[in-house]
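Chemist: Got a predicted structure plus its sequence, pasted below:
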Amino acid sequence: MIKVVFLRDKRTVEVEAKNVSDVFPKLSILREQYVVIKNGKIVCEDESLSDGDTIELFTVASGG
C-alpha cells in the first residue's frame, strides 16, 4: 500500500499503486490539480512506487 498525504487537507489515505499516475484515478481526483512530492522532491507521473512509500499531494493554486 502507498500512503497518500493531502497536505492542504491534512488527511491521509492508502491505495495500491505501482506508479504516481495510478494514484489519481483510484482517488477520483485530477492529476492537474496537484503537485506530487516523494522524499522531499517533486516527481512526475511515471515515478515508480513501492509498497510502504509515502507521497504528498499539494494542491495547485492559480489565478491572476
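Modeler: Sure, I can see it.
Chemist: Dig out what the closest residue to Met1 other than its chain neighbours forms beta bridges with.
Modeler: Excluding its sequence neighbours, the residue lying closest to Met1 (C-beta to C-beta, 6 or more residues apart in numbering) is Glu14, at 4.4 Å. (C-beta placed from N, C-alpha, C; glycine too.) Glu14 has these beta-bridge partners by DSSP bridges: Lys3.
Chemist: Is Glu14 in contact with Val4, as I believe?
Modeler: Yes: look at Glu14 against Val4 with C-beta atoms under 8 Å: they come within range, at 7.0 Å.
Chemist: Can you name the residues that contact Cys44?
Modeler: By C-beta atoms under 8 Å, 6 or more residues apart in numbering, the contact list for Cys44 reads 20, 36.
Chemist: pLDDT score for it?
Modeler: pLDDT for Cys44: 95.
Chemist: can I assume it sits in a helix?
Modeler: No: secondary structure of Cys44 (DSSP: H, G, I helix; E, B strand; the rest coil): coil, not part of a helix.
Chemist: the more surrounded of Glu14 and Val4?
Modeler: More crowded of Glu14 and Val4, by other C-beta atoms under 10 Å: Val4, with 25 against 10.
Chemist: Need the pLDDT of that one.
Modeler: 98.
Chemist: State the distance from Arg31 to Gly63.
Modeler: Separation of Arg31 from Gly63 (C-beta to C-beta, to the nearest Å): 19 Å.
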